[in-house]
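*Asks:* Using only what follows, build the 3D model:
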Amino acid sequence: MRALIVKFFDMLKDKSSGKIGAGIAFVFALFLCVFGFFKTLFIIILTVLGYVVGALLFSDKDKVKDWMDKILPPGRFR
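*Replies:* Just a heads-up that it's a prediction; the model follows:
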């Protein structure tokens, strides 16, 4: 799976930005046709929120451990 993703991004490096933008617009238009405006907006908002949380919160493993200790106090199994 990782090799497939690496090949995909290597393929994108060789393409022009216009083709990448057209691909993104096509996916967005497809989502609009299939799901409708508000469901597509909801998908985009949750995707951006997930990226932000992943980039900020889970970039530091100690921060994740501290966060988990606040939610689930350490028990006898650690």
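*Asks:* The least confident helix or strand in the chain by mean pLDDT: what's the following helix or strand?
*Replies:* Within the chain, judged by mean pLDDT, DSSP states H and E, the helix or strand with the poorest mean is helix 2-13; its value is a mean of 77. Next helix or strand after helix 2-13 toward the C-terminus (DSSP states H and E): helix 17-35.
*Asks:* and the angle for the following helix or strand past that next one with helix 17-35?
*Replies:* Toward the C-terminus, helix 17-35 is succeeded by helix 37-56 as the next helix or strand (DSSP H and E). Using axes from the mean of the first three to the mean of the last three Cα atoms, to 10 degrees, the direction of helix 37-56 lies 120 degrees away from that of helix 17-35.
*Asks:* how about the CA coordinates for helix 37-56, as PDB?
*Replies:* Extracted in PDB, the C-alpha atoms of helix 37-56 (Å, rounded to 0.1, in the frame of the first residue of the first chain):
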ATOM      1  CA  PHE A  37     -23.700  20.600  -1.300                       C
ATOM      2  CA  PHE A  38     -24.100  20.300   2.400                       C
ATOM      3  CA  LYS A  39     -22.900  16.700   2.700                       C
ATOM      4  CA  THR A  40     -19.900  17.600   0.600                       C
ATOM      5  CA  LEU A  41     -19.200  20.600   2.800                       C
ATOM      6  CA  PHE A  42     -19.500  18.400   5.900                       C
ATOM      7  CA  ILE A  43     -17.000  15.900   4.400                       C
ATOM      8  CA  ILE A  44     -14.500  18.700   3.600                       C
ATOM      9  CA  ILE A  45     -14.800  20.200   7.000                       C
ATOM     10  CA  LEU A  46     -14.300  16.900   8.800                       C
ATOM     11  CA  THR A  47     -11.300  16.100   6.500                       C
ATOM     12  CA  VAL A  48      -9.600  19.400   7.300                       C
ATOM     13  CA  LEU A  49     -10.400  19.000  11.000                       C
ATOM     14  CA  GLY A  50      -8.900  15.500  11.000                       C
ATOM     15  CA  TYR A  51      -5.800  16.800   9.300                       C
ATOM     16  CA  VAL A  52      -5.400  19.700  11.800                       C
ATOM     17  CA  VAL A  53      -5.900  17.400  14.800                       C
ATOM     18  CA  GLY A  54      -3.500  14.800  13.400                       C
ATOM     19  CA  ALA A  55      -0.800  17.400  12.500                       C
ATOM     20  CA  LEU A  56      -1.000  19.300  15.800                       C
END
